[in-house]
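Chemist: Show me the folded form of this:
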Amino acid sequence: MTARGSSPRIAVVGMAIESSAYAQHRAGYRDFPVLEGPAVLDRYPFLAEGAALRQQAEWIGVFVTKAIPGGQVRAEVYADFRHRIVSGLARAVEDGPLDGVYLDIHGAMSVVGMDDAEGDLVTAVRDVVGPDTLIAAPMDLHGNVSEVLAAAVDLPTCYRMAPHEDAWETRERSARDLLAWIGRDTRPARAWVRVPILLAGEMTSTRVEPARSLYARIPGVTREDGVTDAAIWIGYAWADEPRCHASVVVTGDREDAITAAAETLAAELWRVREQFAFVGPPGSLEEGIEAALAHRAGGGARPYLISDSGDNPGAGGSGDVTWTLRQVLRRPELTGPDAPVTYVASVFDAGAIEELFAAAVGDPVDVTAGARVDDRVSPPARIRGVLHGRYENDPAAGRIAVIRVGGLRVVVTEFRKAFHGVDDFAAIGLPPEEADIIVTKIGYLEPTLYDIAQGWTLALTPGPVDQDLERLGHERIRRPMFPFDEFRTEPSLRATVLRGRDVIGGGA
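Modeler: Numbering: from 1, shown residues only. Presented below is the predicted three-dimensional model:
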């Protein structure tokens, strides 16, 4: 591999999306902004020109694309991107052996007709770079780690926070660990434990117990002799594949140390399984609205947040389910002239946008929007009001219209968009601090909304990322699985130890 004294050669590739099997949306080319060549490195602050890590290796940008969560990826789109990754790596190998591959993935990508998309992708990467090249993969803690993935990736790791405020820290840690292992005489071993738990992300936030304490154990584990990294994947509950379950992976060069650590973390995860609860005050949409109105009537500060969690685009929702919007439009206390100012975000509908952009701001409008992609929960919503604002050139949403219906400010977009930050609202003339209530398609609140919320309800609404997992009807996950099934005996939480593609010992 690398000659003594020369810089390691590391290729950077990736394809990432979180995919709900229950969303009607299908992720296509527009969902995936593509970076190739030198532009790939510009995505990573720690690989910028002049950055310390940039100087320690020859980093070769190949192909990286990342979409916001959604439905399954169209098979032809995945096949194209996979080919571009593999062919780009093949060209890099022609210029000399690669010491490492930095594989930026999510862990919960689903592709139409496939069961283990990331497992397929990393297998293709391994086939082209050969058995000696080290592969590192930073991932979301809501990923699903199959044995294929665990066996093919030398240095897997995942976020330690939900919301994922440590996403870039995790990516940089992964790059540092990859550099630290290149040139060593041994390869990292992984102790992998399959844990038969499948929980919604909103029940496993590290803002609250037991996840907060569970993940707080990880830094101590990584300081143990012989341990490089420890990771707990909670798993992704809105897919329906055999790989959907929690996992623990501990990486290092001492098999006894990583095995003990992985089995200890897995046992602790299993021990606290019944303690997981929703991160925010849960309730029905009606209960959320009543709580928001009571908050306002009692003189509470603005704004009160209501999560439309069943169609959260940040977790894989289609983004145009109208169930919540239709309920809100029926509430006279929200649509009257003296109603509290309430932002409702959002549904996408290109046809409705064409109609709305044919009108002038201030004109009365009557438009039907939403449920063009996902109409299983509710039909399109009729919105009659006044065109409050029009906006263009949003990188995700394209064109955006805001319709005023009494106190409501209903957001309609041309394409899918998650309104998950203060800036998303401010950019379309809806300053969050001026709203009494904000209803948005989200689960747990992302940082900027969390910081401004003066009250909050996690509304348990129906949709493709329904928090009530029993309503979804999983058919292909491995059983028994908590919380779906009773366990007559304790599950085996023994670690399977892998080095390269070889199984050293243990059992899942």
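Chemist: which stretches of the chain have low pLDDT?
Modeler: The chain contains residues with pLDDT under 70 at 1-5, 501-508.
Chemist: Try it again at 50.
Modeler: Residues of the chain meeting the criterion pLDDT under 50: 4, 508.
Chemist: Would you mind giving the domain segments of it?
Modeler: Under the assignment automatic domain parsing, the domains of the chain span 9-277+492-501, 285-459.
Chemist: Okay, buried residues for the longest strand anywhere in the chain please.
Modeler: In the chain, taking DSSP state E as the definition, the longest strand is strand 381-394. Neighbour counts over strand 381-394 (16 or more other CB atoms under 10 Å) mark 381, 383, 385, 387-391, 394 as buried. All C-beta spots, glycine's among them, are computed from the backbone N, C-alpha and C.
Chemist: Distance to residue 40 added to the residues you listed, as CSV?
Modeler: Below are the buried residues of strand 381-394 laid out as CSV (distance: CB to CB, whole Å):
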residue, distance to residue 40
381, 41
383, 42
385, 45
387, 41
388, 40
389, 36
390, 35
391, 30
394, 24
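Chemist: The stretch 101-250 of the chain: helices as residue ranges?
Modeler: 117-129, 147-152, 167-181, 211-216, 218-222 (DSSP state H, counting those that start in this stretch).
Chemist: what sits up against the fourth one?
Modeler: Taking contacts as CB atoms under 8 Å, 6 or more residues apart in numbering, the residues outside helix 211-216 that touch it are 160-162, 204-206, 232, 234, 265, 268-269, 272, 276.
Chemist: out of those residues, who has the most neighbours?
Modeler: residue 234 (30 neighbours; other CB atoms under 10 Å).
Chemist: Tell me how far it lies from residue 97.
Modeler: Residue 234 sits 36 Å away from residue 97, going by CB to CB, to the nearest Å.
Chemist: Ok, residue 385 next?
Modeler: On the measure of CB to CB, residue 385 and residue 97 end up 63 Å apart.
Chemist: Kindly report the same for residue 138.
Modeler: Distance, residue 138 to residue 97, by CB to CB: 23 Å.
Chemist: Repeat that for residue 167.
Modeler: 30 Å.
Chemist: swap in residue 438?
Modeler: Separation of residue 438 from residue 97 (CB to CB) stands at 53 Å.
Chemist: cool, residue 240 as well?
Modeler: In this view, residue 240 and residue 97 are 40 Å apart by CB to CB.
Chemist: what's the answer for residue 174, then?
Modeler: Applying CB to CB to residue 174 and residue 97 gives a distance of 21 Å.
Chemist: quick one: which of these two has more around it?
Modeler: Between residue 174 and residue 97, counting by other CB under 10 Å, residue 174 is the more crowded of the two (22 against 13).
Chemist: Would you check that that one makes contact with residue 102?
Modeler: Yes - counting by CB atoms under 8 Å, residue 102 is a contact partner of residue 174 at 7.0 Å.
Chemist: which residues do these two both contact?
Modeler: residue 136.
Chemist: related to what we said a few turns ago, and of the domains of the chain, who's closest to residue 472?
Modeler: For residue 472, the closest of the domains of the chain is domain 9-277+492-501, at 5.6 Å, according to CB to CB.
Chemist: Remind me which helix or strand residue 85 belongs to.
Modeler: Using DSSP states H and E, residue 85 maps to helix 75-94.
Chemist: Enumerate every residue touching the nearest residue to residue 338 once chain neighbours are set aside.
Modeler: In space, and not counting its chain neighbours, residue 338 is closest to residue 407: 7.7 Å by CB to CB, 6 or more residues apart in numbering. By CB under 8 Å, 6+ apart, the contact list for residue 407 reads 334-336, 338-342, 436.
Chemist: can you check residue 288 too?
Modeler: Contacts for residue 288 were tallied using CB under 8 Å, 6+ apart; they are 306, 457, 459.
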